[in-house]
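> Structure, please.
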Amino acid sequence: MRRLRVAVPLLVTSLLVASCGKDEPPAPATSSAPPPVTQAPSSGAPTGDPAAVAAAMSDADLAGQVLMPYAYGSDATTVDKTSAAGNQNLAGVDTPAEMVAKFHLGGLILVGFTAQDPTGSTNPATNVESPQQVRKLTDGLQAAAQQAGIPALTIGTDQEYGVVTRITEGVTALPSAMAAGAAGQPPLTEAAWRAAGEELAAMGITVDFAPVADTLGPATNTVIGSRSFGADPKANAAQVTAAVRGLQSAGVAAGLKHFPGHGHTSGDSHEGLPVVAQNAQQWTTQDLPPFQAGVTAGAGVVMSGHLDVQALDKGTAATFSHKVMTDELRGKLKFTGVAITDAMNMPPAMKWPAGEAAVRALNAGNDMLLMPPNITAARDGIVAGLKSGTLKRERLVEAATRILTLKARTAARPDLSVVGSAAHQQAVSALDAASVTVLRGACTGPLLTGPVTVSAAEGREVARVNLVRALQAAGVNVQAAGGKVIHLVGYGDKAADLSSTAAVTVMMDTPYLLASAKSPALLATYSSSKLSLTALAAVIAGKAKATGRSPVAVPGLPASACR
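Numbers count the residues shown, from 1 in each chain. Have a look, this model is predicted:
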């Protein structure tokens, strides 16, 4: 079949609407005015109905549309020797733009490696530095798609905030999902995520793989941890709904993850295949509600988890399970958007060659394959599957149609001036202020009198300095030494990282470690962002009340000492 040069418009006259066909309710008002809009690069090639466009594609173009790899390099067309070598190993090309053109890709994910990131093992490249650089990169990628005469790209990233945050410099940093769960006010969550969506849209990102819809089970589940809104499925459902509405009201598709639920296991799918041993009733009442809520709210994307959910399909990773990705997600939840795999370079997906894994994931019901370890092998495996009949063309056309439909629903981009704006800072600060939790200590007035000294576990100097500055701005006398100690701990810290002499201990991640702390005052921010620490300083100084409640149970401590 001849190769058809096609394009799907990147712009539409309305904001992203629900993939499941439901109208989006209006987002709560924020203090921001409508952001200025700039037009993104778009192709002048023919347009058409997504189903018709997909049906007219060649086998190779269909295969390209269902791929969303990562690439090396922070620029679309100019990369250093190391990045070029990485791209050659991954795709047989030097630059991200050449990767788009060679494979007629449906999308590309922007990635970044940081040491304290539970997903870091799947991110060997880092191609995000600043909002300006990301915008230049995404403009270059879309220009490459235009020049190749293919539909505009779906550009995704994992901007969950908290411990999994790809773009950190210059953006308005939301607190972790668990902080929003502690605040317990979905309207604040929605406003904050609308701000996040506007900033992502301004940078040219069309899909955010967030929110995490997993209900947190055991405290030993550190791979999800504070990425979850908490342990209460009903409360989580409300938070997921709010986050989806906020993101999508800004024109960025929300990506629920990790279906059918990564919260009730201590295993890490970045290392092996975790077993979720709940029975069917437990899964239905604990894990399902947030995903159902997110689908109902109109989430454009659902990400599968590499999980052995024994109540649904024992022994089979959910990503490769037709029972999970088709019978449950499509049949019971009525999801009609884009189903995307978790990273295909993770161990549970690497048990097969890249081409075979791609066919298996598509046959299970996934529409898009995230981060294949070898792009050529994945593409060639899909084409071979079409030729052999192990993969039906109608399944691939269906997948491409959903992807093209999602692309056509992406809104126009705001100008970069919205990134880090005062209005966004205000919206996110309100959520941070509502999340601070006192689990032990006074609930009114200053928590400490006299001079204070801020200490922190190793590796937390940035957070320590930010708190020092916030306390000083709040009128607290901070000394380098000799004051009453406020001690900070966070993600990955252990009992040995606590201070036995601290007057106040603050946990900037899941609050479980506070059960081992001896301080007279115990607080949780669930997050180490600058705005979270500013909110903490106001509570310590007695200028604000801590209204948060821990969304997970901490042995021996109340959800809040103050309400």
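> and Ala56, how many neighbours?
17 (other CB atoms under 10 Å). Using the backbone N, CA and C atoms, a C-beta is placed for each residue, glycine as well.
> quick one, phi psi at it?
Here is the backbone geometry of Ala56 (degrees, to the nearest 10): phi -90, psi -10.
> For it, give me the pLDDT.
Listed pLDDT for Ala56 reads 96.
> so where is the stretch 51-200 of the chain shaky, pLDDT-wise?
Counting by pLDDT under 70, the stretch 51-200 of the chain has low-confidence residues at 113-123.
> What ranges does it have for its strands?
Secondary structure of the stretch 51-200 of the chain (DSSP state E, counting those that start in this stretch): strands located at 67-68, 107-110, 154-157, 159-161, 164-165.
> So for Thr376, which of those sits nearest?
When the strands of the stretch 51-200 of the chain are compared by CB to CB, strand 67-68 sits nearest Thr376, at 10.4 Å.
> Strand partners (parallel or antiparallel) of the closest one?
According to DSSP bridges, strand 67-68 forms sheet pairs with strand 369-370 (parallel).
> ok, residues contacting the strand it pairs with?
Contacts to strand 369-370, defined as CB atoms under 8 Å, 6 or more residues apart in numbering, come from residues 66-68, 109, 303, 340-344, 358, 361-362, 378.
> Can you tell me which of the residues you listed is nearest Glu129?
Using CB to CB, Ile109 comes nearest to Glu129 of the contacts of strand 369-370, at 15.9 Å.
> and the closest one, what are its bridge partners?
Applying DSSP bridges, one finds that Ile109 bridges with Gly156.
> circling back to that earlier point, in CSV: the contacts of strand 369-370, plus distance to Tyr491, secondary structure and neighbour count.
Below are those laid out as CSV (distance: CB to CB, whole Å; DSSP: H, G, I helix; E, B strand; the rest coil; neighbours: other CB atoms under 10 Å):
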residue, distance to Tyr491, secondary structure, neighbour count
Val66, 34, coil, 27
Leu67, 32, strand, 25
Met68, 27, strand, 26
Ile109, 23, strand, 24
Met303, 22, strand, 26
Ile340, 26, strand, 27
Thr341, 26, coil, 30
Asp342, 21, coil, 29
Ala343, 20, coil, 27
Met344, 26, coil, 27
Ala358, 33, helix, 30
Ala361, 30, helix, 31
Leu362, 35, helix, 27
Ala378, 33, helix, 29
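> Can you list the low-confidence ranges for the stretch 401-550 of the chain?
Residue ranges of the stretch 401-550 of the chain with pLDDT under 70: 411.
> and with 50 instead?
Residue ranges of the stretch 401-550 of the chain with pLDDT under 50: none are present.
> Take the strands of the stretch 51-200 of the chain and write them to a markdown table, including distance to Phe259.
Formatted as a markdown table, the strands of the stretch 51-200 of the chain follow (distance: least, CB to CB, whole Å):
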| stretch | distance to Phe259 |
| --- | --- |
| strand 67-68 | 17 |
| strand 107-110 | 18 |
| strand 154-157 | 16 |
| strand 159-161 | 15 |
| strand 164-165 | 17 |
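> Nearest to Leu533 among the ones you listed would be which one?
Closest to Leu533 of these is strand 159-161 (CB to CB; 14.3 Å).
> hey, where'd the helices end up in the stretch 151-300 of the chain?
Using DSSP state H, counting those that start in this stretch, the helices of the stretch 151-300 of the chain run over residues 177-183, 186-202, 233-249, 280-282, 288-296.
> hey, which of these is tucked in deepest?
For the helices of the stretch 151-300 of the chain, the largest average neighbour count (mean count of other CB atoms under 10 Å) is found in helix 177-183, namely a mean of 31.
> quick one: which of the strands of the stretch 51-200 of the chain is nearest Ser532?
Ser532 sits nearest to strand 159-161 of all the strands of the stretch 51-200 of the chain, at 10.1 Å, using CB to CB.
> Pairing partners for the closest one, with directions?
Applying DSSP bridges, one finds strand 159-161 paired with strand 164-165 (antiparallel).
> Give me the distance from the strand it pairs with to the chain's centre.
Relative to the centre of its chain, strand 164-165 is centred 7 Å away, using CA atoms, centre = their mean, to the nearest Å.
> can you check stretch 239-249 too?
Centroid separation for stretch 239-249 versus its chain: 12 Å, with CA atoms, centre = their mean.
> Just the CA trace of that stretch, in CSV.
The C-alpha trace of stretch 239-249 is given here as CSV (Å, rounded to 0.1, in the frame of the first residue of the first chain):
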residue,chain,number,x,y,z
GLN,A,239,-8.7,13.6,44.1
VAL,A,240,-8.1,11.8,40.8
THR,A,241,-11.3,13.4,39.4
ALA,A,242,-10.0,16.8,40.4
ALA,A,243,-6.5,16.3,38.9
VAL,A,244,-7.9,15.0,35.6
ARG,A,245,-10.3,17.9,35.3
GLY,A,246,-7.6,20.4,36.1
LEU,A,247,-5.1,19.0,33.6
GLN,A,248,-7.6,18.5,30.8
SER,A,249,-9.2,21.9,31.3
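> would you list the contacts of strand 369-370 in CSV and tack on distance to Thr206?
Shown next, in CSV, are those (distance: CB to CB, whole Å):
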residue, distance to Thr206
Val66, 16
Leu67, 16
Met68, 11
Ile109, 11
Met303, 15
Ile340, 13
Thr341, 18
Asp342, 19
Ala343, 19
Met344, 20
Ala358, 22
Ala361, 22
Leu362, 22
Ala378, 21
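> ok, back up a step: and the helices of the stretch 151-300 of the chain: which comes nearest Ala546?
Here helix 177-183 is closest among the helices of the stretch 151-300 of the chain (CB to CB), at 9.7 Å.
> related to what we said a few turns ago, mind checking which of the strands of the stretch 51-200 of the chain is nearest Ala231?
Evaluated with CB to CB, these place strand 159-161 nearest to Ala231, the distance being 17.9 Å.
> got the contact list for the closest one?
With CB under 8 Å, 6+ apart as the test, strand 159-161 has contacts from 165-167, 173-177, 196, 200, 205, 208-212, 227, 527, 529.
> Only the buried members of the residues you listed: can you turn that into a PyMOL selection?
Selection of the buried residues among those in PyMOL, burial being defined by 16 or more other CB atoms under 10 Å:
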select buried, resi 165+166+167+173+174+175+176+177+196+200+205+208+209+210+211+212+227+527+529
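> wait, which of the helices of the stretch 151-300 of the chain is closest to Pro451?
Nearest of the helices of the stretch 151-300 of the chain to Pro451, taken as CB to CB: helix 177-183 at 28.5 Å.
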